[in-house]
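A.B. asks: After the sequence you'll find the predicted model.
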Amino acid sequence: MDISAGLPDRDNEAAVSPGTMRWAWYGLAVLATAMVFSLVNLQMIYLLAEPFKRDLELSDSEVGLLTGLALGLTLSVMTFPMGWLTDRTNRKILLAFCVVLWSVGTAGAGLSQNYAQLFIAVMGLGVGEAVLGPIVYSIIPDLFPEKRRVLANYIFFLASVLGAAIGLTIGGALIAAIDAWKDSGPVFPADLETWRIAMIASAVPGVLIAPAILVMRLERKGPSAAAGGEWGMIIAFVRRHARTLIGVFFGFGLSYSAKSTMFIWAPSMLIRVFREGEAAVGVKLGLVTAVSTVIGVLGSGLAYRALSPKLGAVTALRVAQASLTVAALVLPGLLISQSLFQAYAVLFMFSAASVAAMSLSPTMLQDISPAPARGRLVAAGGLVSIGFGALTPVAVGYASDLLPGKGAGLLEAMVIVGAPLLFLSCAILWFAEKTISATIADAKQLS
């Protein structure tokens, strides 16, 4: 299917030289590569949580604070400042610097000797990675003419969605390779733990990505939306459509936090409860995430296309509610899983259903945002997701420490936190249905 069909061809693409387009595709490839390896670094934190918990003698609460506050809250707090810098500085230099920063943070995590050092290193990783959302969606429109920009955004979206799966797979393969090298001879110091070597190794690609970013050909084509706009119009719009904005922001935000939290803790759960190895978890969970993501996106798209003629403006909300209900009903299946296969099957179904809902979030955010305020309103919706995503891993960690059973306690905590969040997100999305049509119409008029 031609995803650009039907779009107005306002750009004179004949005037765009082949050389210019080659540099545009090069720039997109660099941005997608940066995104994938940023997610590799993030997934290494999640995948190796159990080894550094063991070696640094941490509690589940401390691990939850590490992934929720040191990483999630830092990302949340730094997103707007990074967006401000994106509009006012040389974007290539800013992005290259942040790639170096998150690479240093990743390597620093591998060298940490105590919890305080690890916490600071992960915060550095979070500061560096906070730039990706604001800067990428600022750069892509300056690389591509309007018609091709749709395809470019679609490719980057897939890279960002599948990046987590790729990160798990690469992380698992890296851990297995390091273990094999350690067994084969004195390649690494005998007293250096595998998880430390893996963290340091996963930081190396940043050394190559940063120079590749600086080579990009990039010029601003005009003032950015974030730098201008009418604040009075934005405030008035928010007041008129508070119900819709609250419903969409918090409905999708809660679903995002539930999904991300389950997969933050899934490696530790599989290792503790089902005795799976770290390398195997990375590879298998990565494959589960990748395949379920593709199925979820395709299923959501087919459902949206089939139902939109009948349901109109509420189609995305209805499809999301149905998908989240399935995810909430599937998740407790972890409690009765008796084997690794059953646990992976539950995670597969949960991931496919939750991704089917989450894939509709960008469309909804764009539809309810007037063009002059789109950047800021989309960022606000993203901050809600990141904010809840920072808190829910902590909740799982604390619940796990309070529940009896070293392994079963974590599994039960995941379900206790995750399933109610999904049902609550359904209710909040339903709350937005009554006013969604008026909000979309007003947003189009103001655009």
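C.D. replies: Now that the structure is in, tell me what you want to look at. Residues are numbered from 1 along each chain as shown.
A.B. asks: only C-alpha atoms for contact and neighbour calcs from this point on.
C.D. replies: Fine.
A.B. asks: which stretches of the stretch 301-447 of the chain form helices?
C.D. replies: 315-330, 340-358, 361-367, 374-402, 408-446 (DSSP state H, counting those that start in this stretch).
A.B. asks: So for residue 124, which of those helices sits nearest?
C.D. replies: helix 374-402 (15.5 Å; Cα to Cα).
A.B. asks: Report the rounded mean pLDDT for the closest one.
C.D. replies: Per-residue pLDDT values across helix 374-402 average out to 78.
A.B. asks: Excluding sequence neighbours, find me the nearest residue to residue 133.
C.D. replies: Nearest in space to residue 133, with sequence neighbours left out and distances taken as Cα to Cα, 6 or more residues apart in numbering, is residue 79 at 7.9 Å.
A.B. asks: Show the average pLDDT along stretch 259-276.
C.D. replies: Mean predicted confidence for stretch 259-276 is 88.
A.B. asks: for stretch 338-350, same thing?
C.D. replies: 95.
A.B. asks: Keeping just the C-alphas, turn that stretch into CSV.
C.D. replies: Output of stretch 338-350 as CSV, limited to C-alpha atoms (Å, rounded to 0.1, in the frame of the first residue of the first chain):
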residue,chain,number,x,y,z
GLN,A,338,3.9,-23.5,34.4
SER,A,339,6.7,-23.3,31.8
LEU,A,340,8.9,-20.9,29.9
PHE,A,341,6.8,-21.4,26.8
GLN,A,342,3.6,-20.5,28.5
ALA,A,343,5.2,-17.4,30.1
TYR,A,344,6.6,-16.2,26.7
ALA,A,345,3.2,-16.9,25.1
VAL,A,346,1.4,-14.7,27.6
LEU,A,347,4.0,-11.9,27.1
PHE,A,348,3.6,-12.3,23.3
MET,A,349,-0.2,-11.9,23.5
PHE,A,350,0.1,-9.1,26.0
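A.B. asks: ok so, going back, just checking, the residue nearest to residue 133 touches residue 131?
C.D. replies: Yes: between residue 79 and residue 131 there is a contact under Cα atoms under 8 Å: 6.5 Å.
A.B. asks: just how off-centre is stretch 100-107 within its chain?
C.D. replies: 18 Å (Cα atoms, centre = their mean, to the nearest Å).
A.B. asks: Just the residues contacting that stretch, thanks.
C.D. replies: 38, 41, 121-129, 199-204, 206-207, 210 (Cα atoms under 8 Å, 6 or more residues apart in numbering).
A.B. asks: Drop the exposed ones from those and show what's left.
C.D. replies: 38, 41, 121-129, 199-204, 206, 210 (16 or more other Cα atoms under 10 Å).
A.B. asks: Those in helices, which ones?
C.D. replies: Under the assignment DSSP state H, the buried ones among the contacts of stretch 100-107 contribute 38, 41, 121-129, 199-202, 206, 210 to helices.
A.B. asks: who's in contact with residue 308?
C.D. replies: Neighbouring residues of residue 308 by Cα under 8 Å, 6+ apart: residue 315.
A.B. asks: Make residue 1 into 27 and carry on from there
C.D. replies: Okay, residue one is now 27; in that scheme the one you just asked about reads as residue 334.
A.B. asks: Let's see the pLDDT reported for it.
C.D. replies: pLDDT, read off for residue 334, is 85.
A.B. asks: One more: the one 5 residues further on?
C.D. replies: On the pLDDT scale, residue 339 is placed at 88.
A.B. asks: Kindly report the same for residue 208.
C.D. replies: Residue-level pLDDT assigned to residue 208 equals 71.
A.B. asks: What's the local residue count around it?
C.D. replies: Look at residue 208: counted by other Cα atoms under 10 Å, it has 17 neighbours.
A.B. asks: Now do the helices in the stretch 177-326 of the chain.
C.D. replies: 220-228, 231-241, 257-266, 268-300, 304-337.
A.B. asks: what angle do the longest one and helix 366-384 make?
C.D. replies: Helix 304-337 runs at 40 degrees relative to helix 366-384, counting by axes from the mean of the first three to the mean of the last three Cα atoms, to 10 degrees.
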